[in-house]
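[1] Fold the following.
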Amino acid sequence: MVKHKSQPKKPKKGGVDFKKYKRKLGRKLPPPKNATNTEIKSKAIVLPEQSIVSQKEGLALSRKGLTLKELLQHTNHNNAKVRKDALLGIKEILLKHPAELDLHKIAIIEKLRERIRDDNHIVREELYKLFEFVFPKCAKELSGQLVSLLMVYIFNAMTHQSSAVRLTAFNFLDLVVHFFPFSFSAYAKPIFRNYGDALLKNQLLEDRNRMLTGLLQFLKRLPCDESDTSTDENLLYHENHTHACESEVSTETNGPTDVGGLLKDFLPTLVRCFEVIHNSSQTEEQSFKCIHLVLQCIDLTVRYLVADAYVGEQYQEFCNHLEPVVVAPDLLIFSMLKKLWEMFPLNVCHWRSVEDDSIFMLNTVIIKIFLRFRNWDNFPSGVVEKLFEFIKIELATKIESGNMLQKKSLLPLIPYIPKLSIQKSFDTRCCIFQALTNAFRNSSSLSSLRLACISAITEMLAPERWESSPESIDPEVRNWLQNLPLLLVSLDGEDSLYFKEVLRLQLHSLQAASVFSLATDRMGDNYSRFFSFESDKGTCYGPFTSLPADVQELAVYCLYYVSPIDPILLKSLMSCCLYNEIQVHVILLILQVLQSAFKAGHMEVGDYLSFLITLLSQFHVPSGDSPDAASKLVAFKCITSDVCAHLPVVGDNSLLFKMLEKSIIHQICSKIPVHNKCALLRLLVALDSKLTTVSAQSIHMISSNLPQYLIDVISEFGEGYTESVPSTLNVKIKQYYLLPCFHLFAGSKILLNHVLNALPSGHHFDPQVEYTAILRRILSLLLYMCKDARMLKILVSSSHKSELESLLQNLRNFLASTSSKIFFGERINIESDFDQLRLIIDSAVEQNLEAK
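    So this is what the prediction gives:
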């Protein structure tokens, strides 16, 4: 359809009307056009010198721009979030600016301690973390002052109406004990009082666990007399450092504290806590942990009391509350543990979901508590029997089970078995010994159980424990003697701790065999493989050479009790002595032990002397000036002196020389190094310096080889006296090597004449050496001999003057015959040496003539 256009409206008739405006409600009328503007505008005037930012320039600020002083003030804010942020800001500043803590540590601790009893647990947690950061950086000299600042607020928090605050207070106490272990003993009385109240009043096992953990750490740091050398690790500190408290600390915590008396009053509280937890119906796993912690605390307390009760005056103070009858301290402490003793042994019916091994661990701690006592004479009958029966049954049951986990559960108990066996009869001790032997044999190789058994058997094999009836232990000791050397060889390559324990056991076994007169003849063959043995490839070294020095010493001590010490064992020992890596003090210890064994009749004299000669002739000293060569030379000198000192113990020198003459002379004349020849010459001087018992054939053999030895010494250590400034060290070394020859020359005229006649002969020296070197060495030797007053007097005497003159003339002729082969400068030096030697000899001859 077509739309019709609308017709325009016709204007109304009449006059002109005003325009009508429609106003919406709430609209403000515009101001009139003639209104006056009354608005006032202003700008802030900023004065830089009054800015807060300028006041903080150079100060340590947190991320939010707050200073340390402001943050410390914020820790008292009503809002918990502000307090927490303040603690975080303080830690931030101390991390970025460590100097702030050094300057203000006292002020910081003094302000922060107020938050220990804060109502908000998040604030307390942040404070704990902050203290963990601050305490390690506090100096030790300020520990007493810091502890005194903190303990007042900690004790106050322990009495807070909120249980959460009270529990957190013990956490702060643990922190103080951890970082300042020697500064809180003056506060022991209130600490024990608060721990006792909290343990008995608190019903939640989780809270008890935390408190007992802290209490255990506190007890570990109490000062204790360490005279009780028990087998477990040393848990108590020995030193007792106390600090004076400030005036704000109550008077009951000032001054030295009677820790023994406090522990005596606290022990019944621990036993009561054990009884309450044991009879509780709460979660078995949590109650088991609580029981374990309580028993550990009781153990430390009893250990302290037993040690403290036997210290002079404290023993009287410990018993002064009793009536005229004085009770032994062990029995008094035992009476406090009566409830604990009645519940022993704990069994599976109390904790059905807990494994037997865990319950056995609790029983082991209880046994350890009662084994702390030193005197069992006054104890009620049946105490020792009850402990022993439990140990015997558990030992047999777990070993026979074959279960490795059950065997490992024996580990905490085994170290206390020897101490308990002392209280039993001889037959019972034999049973315990047999049980430990079976446990050792049934345990796997190199296991911790085997090591524990070895330690216990070692302690039980002490001879004084079996003196009453040695014949009964004979079979067991014999078995150990036969098996231990083989066990040592099988341990090759393992930890030295195993070797140390097995060797300790072997030493005790051998001592027991010595006391009981048991034969050890079969042990030497097995024991020799521990040191070394021969194979198709040559000498093979056993575990001995790779062990630490202290373990090697223990193995050497065992040698004394081996009887007899056969040549096979001596040969294996010799191989170890010649080993490059062996330390000299171990070799000297071997010599000392062998000497003692020889005096005790454990070896033949021929074997002993052969060992000494072989050691001196085969010991290797490296050549050169290296540190290793110098140390080996010093070591060999010590060995030589030690061997020469041991010979008089063997017997008469003349008889010994007749036995050793052929071997000593043969070794001297053989091609061995200078060091070994010197050692044998010193041995010869020690036996017969004047050669009165030496045969003519032996003197001839020595005189044929001594010239080469003398020239080798001069060649090895330089031609000292021809130099303008001789080396003092070389002079001393040459004196060491030439002095034995001088003693022999002074004792035998024939020997000196033979040597003087043989010196210029060319066939005595190495043909590859130049003539010049030969002459220089002979002249140096003669000059050195003439510098010795005793030798010069002997040389110019009528007995040797002709041989000396003949020697000098032969040297002149030798120089003349080879002058064409010598450079002019060398010949001038040699002639100068001739002139110097001639002058010394002529001067000595004139002095002799004047003396006559």
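
[2] switch to C-alpha atoms for all contacts and neighbour counts from now on
    Fine.

[3] from the middle of its chain, how far away would the helix or strand where residue 654 lies be?
    Counting by DSSP states H and E, the element that carries residue 654 is helix 653-669. Averaging C-alpha positions (C-alpha atoms, centre = their mean, to the nearest Å) puts helix 653-669 47 Å from its chain's average.

[4] packing partners for the following helix or strand past that helix?
    Beyond helix 653-669 in the direction of the C-terminus, DSSP H and E gives the next helix or strand as helix 674-688. On a contact count with 3 or more C-alpha pairs under 8 Å, 6 or more residues apart in numbering; DSSP states H and E, helix 674-688 meets helix 605-618, helix 627-650, helix 653-669, helix 696-717, helix 728-747.

[5] what mean pLDDT does helix 674-688 have?
    On average, the pLDDT along helix 674-688 is 88.

[6] neighbours around residue 44, how many?
    A count of nearby residues for residue 44, using other C-alpha atoms under 10 Å, gives 5.

[7] which phi and psi does it have?
    phi -70, psi 140 (degrees, to the nearest 10).

[8] Show me where the chain has its strands.
    For the chain, the strands defined by DSSP state E cover 532-535, 538-541.

[9] May I have the last one exported as PDB, CA atoms only?
    What that stands for is strand 538-541. Only the C-alpha atoms of strand 538-541 are listed here, as PDB (Å, rounded to 0.1, in the frame of the first residue of the first chain):
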ATOM      1  CA  GLY A 538     106.700 -63.100  42.900                       C
ATOM      2  CA  THR A 539     106.000 -61.500  46.300                       C
ATOM      3  CA  CYS A 540     102.300 -60.600  46.900                       C
ATOM      4  CA  TYR A 541     101.500 -58.200  49.700                       C
END
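
[10] Give me the neighbour count for residue 96.
    If we define neighbours as other C-alpha under 10 Å, then residue 96 has 12 of them.

[11] now residue 847
    With other C-alpha under 10 Å as criterion, residue 847 counts 12.

[12] what's the spacing between it and residue 785?
    The spacing between residue 847 and residue 785, counted by C-alpha to C-alpha, to the nearest Å, is 17 Å.

[13] now do residue 817
    Taking C-alpha to C-alpha, one finds residue 817 at 26 Å from residue 785.

[14] for residue 586, what are its contacts?
    549, 552, 553 (C-alpha atoms under 8 Å, 6 or more residues apart in numbering).

[15] Let's have those residues in CSV, adding pLDDT, neighbour count and distance to residue 359.
    Shown next, in CSV, are the contacts of residue 586 (pLDDT from 0 to 100; neighbours: other C-alpha atoms under 10 Å; distance: C-alpha to C-alpha, whole Å):
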residue, pLDDT, neighbour count, distance to residue 359
549, 91, 15, 42
552, 93, 23, 41
553, 93, 19, 42
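
[16] Give me the subset of the residues you listed lying in helices.
    With DSSP state H as the criterion, helices contain 549, 552, 553 from among the contacts of residue 586.

[17] what's stretch 682-689 in contact with?
    640, 644, 653, 654, 656, 657, 664, 740, 743, 744, 747.

[18] Only the buried subset of the residues you listed, as a ChimeraX command please.
    Selecting only the buried entries of the contacts of stretch 682-689 in ChimeraX, with 16 or more other C-alpha atoms under 10 Å as the criterion:
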select :640,644,656,657,664,740,743,744,747
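
[19] any chance of the strands of the chain in TSV, plus mean neighbour count and mean pLDDT?
    Shown next, in TSV, are those (neighbours: other C-alpha atoms under 10 Å; pLDDT from 0 to 100):
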stretch	mean neighbour count	mean pLDDT
strand 532-535	16	86
strand 538-541	13	87
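
[20] Need these in a markdown table (columns: distance to residue 86).
    Listed next are the strands of the chain as a markdown table, based on distance: least, C-alpha to C-alpha, whole Å:
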| stretch | distance to residue 86 |
| --- | --- |
| strand 532-535 | 72 |
| strand 538-541 | 69 |
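
[21] Show the pLDDT at the one residue sitting closest to the centre of the chain.
    With distances taken as C-alpha atoms, centre = their mean, residue 550 lies nearest the centre of the chain, 11.6 Å away. Residue 550 is assigned a pLDDT of 92 by the prediction.

[22] Likewise for residue 423?
    63.

[23] Show the contacting residues for residue 560.
    Taking C-alpha under 8 Å, 6+ apart, one finds 593, 594, 596, 597, 602 in contact with residue 560.

[24] cool, and residue 501?
    451, 454, 455.

[25] Out of these, list just those in helices.
    Counted as lying in helices by DSSP H, out of the contacts of residue 501, are 451, 454, 455.

[26] Would you mind putting these into TSV with pLDDT, neighbour count and distance to residue 715 alongside?
    As requested, those are arranged in TSV below (pLDDT from 0 to 100; neighbours: other C-alpha under 10 Å; distance: C-alpha to C-alpha, whole Å):
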residue	pLDDT	neighbour count	distance to residue 715
451	80	20	57
454	80	25	57
455	81	20	57
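
[27] ranges for the helices of the stretch 351-500 of the chain?
    356-370, 383-401, 404-408, 417-421, 426-442, 448-460, 474-490, 496-515 (DSSP state H, counting those that start in this stretch).

[28] Only the buried residues of the longest one, if you could.
    So that's helix 496-515. For helix 496-515, a neighbour-count test (16+ other C-alpha under 10 Å) marks 496, 498-514 as buried.

[29] Of residue 817 and residue 785, which one has the most company?
    Between residue 817 and residue 785, counted using other C-alpha under 10 Å, the more crowded position is residue 785 (19 against 10).

[30] ok, now how distant is that one from residue 741?
    Distance of residue 785 to residue 741, computed by C-alpha to C-alpha: 10 Å.

[31] Same check on residue 569?
    Noted for residue 569: a distance of 35 Å to residue 741, by C-alpha to C-alpha.

[32] Equivalent analysis for residue 222, please.
    68 Å.

[33] Same check on residue 629?
    For residue 629, the distance to residue 741 - C-alpha to C-alpha - is 24 Å.
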